[in-house]
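Participant: Build me a model from this:
(one chain, ligands or ions: 1)
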Amino acid sequence: MNFINKLSAAWTANDSLLCVGLDPDMAKLPPQFQNDPDGIFKFCTEIIDATADLACSFKPQIAYFAALGAERQLENICSYLRANYPHIPLILDAKRGDIGATARQYAREAYDRYGADAVTVNPYMGSDSIEPYMEWSERGVIILCRTSNAGGSDLQFLQVDGKPLYQHVARLVAQKWNSNGQCALVVGATYPEELAQVRAIVGDMPLLVPGIGAQGGDIAATVASGKTADGSGMMINSSRAILYATRQPGEDFAAAARRVALETRDAINLHRG
Ligand SMILES: O=c1ccn([C@@H]2O[C@H](COP(=O)(O)O)[C@@H](O)[C@H]2O)c(=O)[nH]1
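Facilitator: Below is the predicted model:
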């Protein structure tokens, strides 16, 4: 099954637009994992087991693994996801961007090494930097459009022919790059007005929407701005707010993660119509 169909099936199966982000920060892990050479794997797989029935996707952010030399643990987490939850899309958040020959290696890393259903990429280097990913025609290519950080405005808001650059990216992807129907866009929940603009440009294209939870994006405004006519169309990501949800010392981290994932999934669903 291709990425878009798998995502659509997961929206329905789990009645969820929630993407659970896997950003394991060693300093924030429960103490039992901190000196364990397999601690990141154990932490992430417990989070996955606790939230898998509430999520439409999982999104490991590669920097949290690479910074610690923990790529092997990321490989094992991806294998675990594919073996135990093959119906839930795995999105590798890598934000890659390079010339075609190098991009092909990044695509191999995401799709072959990690077995990701989709990978995030940066559009700044243009179409030939994106084309290698398209050769994996069943996999998704998720392109940065209007990112959730304040500094995203420095370039993404530059006016080009009377429109902000992020709108040109949305139009370019929807009208040209998405010829095989495998593209999605990243649009931050912190900018609901721009999210609505992107939705108007791209029709039903899926959007990866980070920025709720720790970044403070408003769930009601996000859903109202980004949903498609059938009340879906988004993978709304929350990472730290779920991973580090314990409120009291001694509280079980996985149970706390499940509690927040459930609250978030249900808060999103309240506004889907
Ligand atoms: O515009 C973007 C693109 C990607 N991200 C990534 O999403 C998560 C957000 O984590 P939280 O803890 O929920 O804030 C993280 O992996 C970012 O690298 C983003 O935030 N904004």
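Participant: Let me see the ranges of the helices in the chain.
Facilitator: 3-13, 31-34, 39-51, 62-66, 71-84, 100-107, 127-134, 153-156, 165-172, 192-202, 219-226, 240-243, 253-270 (DSSP state H).
Participant: Make a markdown table from these and add mean pLDDT to it.
Facilitator: Formatted as a markdown table, the helices of the chain follow (pLDDT from 0 to 100):
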| stretch | mean pLDDT |
| --- | --- |
| helix 3-13 | 98 |
| helix 31-34 | 94 |
| helix 39-51 | 98 |
| helix 62-66 | 98 |
| helix 71-84 | 98 |
| helix 100-107 | 98 |
| helix 127-134 | 98 |
| helix 153-156 | 98 |
| helix 165-172 | 98 |
| helix 192-202 | 98 |
| helix 219-226 | 98 |
| helix 240-243 | 98 |
| helix 253-270 | 98 |
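Participant: how about those helices, which one is nearest Gly140?
Facilitator: When the helices of the chain are compared by C-beta to C-beta, helix 3-13 sits nearest Gly140, at 3.4 Å. For every residue, glycine as well, the C-beta is placed using N, CA and C.
Participant: Tell me which of the helices of the chain lies nearest to Asp25.
Facilitator: Per C-beta to C-beta, nearest to Asp25 of the helices of the chain: helix 62-66, 6.4 Å.
Participant: that older thread, go through the helices of the chain and name the closest to the ligand.
Facilitator: Closest approach to the ligand among the helices of the chain is made by helix 240-243 (3.3 Å; C-beta to the nearest ligand atom).
Participant: Can you point out the buried residues in the closest one?
Facilitator: Within helix 240-243, the residues scored as buried using 16 or more other C-beta atoms under 10 Å are 241-243.
Participant: any chance of those residues in JSON lines, plus distance to the ligand?
Facilitator: Listed next are the buried residues of helix 240-243 as JSON lines, based on distance: C-beta to the nearest ligand atom, whole Å:
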{"residue": "Ala241", "distance to the ligand": "6"}
{"residue": "Ile242", "distance to the ligand": "8"}
{"residue": "Leu243", "distance to the ligand": "8"}
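Participant: Tabulate the helices of the chain in CSV, adding columns for distance to Leu92.
Facilitator: Output for the helices of the chain, formatted as CSV (distance: least, C-beta to C-beta, whole Å):
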stretch, distance to Leu92
helix 3-13, 12
helix 31-34, 22
helix 39-51, 13
helix 62-66, 6
helix 71-84, 8
helix 100-107, 10
helix 127-134, 11
helix 153-156, 22
helix 165-172, 20
helix 192-202, 22
helix 219-226, 22
helix 240-243, 17
helix 253-270, 20
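Participant: Give me every residue in the stretch 151-273 of the chain lying close to the ligand.
Facilitator: When proximity is defined as C-beta under 6 Å from any ligand atom, the stretch 151-273 of the chain approaches the ligand at 186, 188, 210-211, 213-215, 237-240.
Participant: From those, list just the buried residues.
Facilitator: Listed as buried from these are 186, 188, 210-211, 213-215, 237-239; burial here means 16+ other C-beta under 10 Å.
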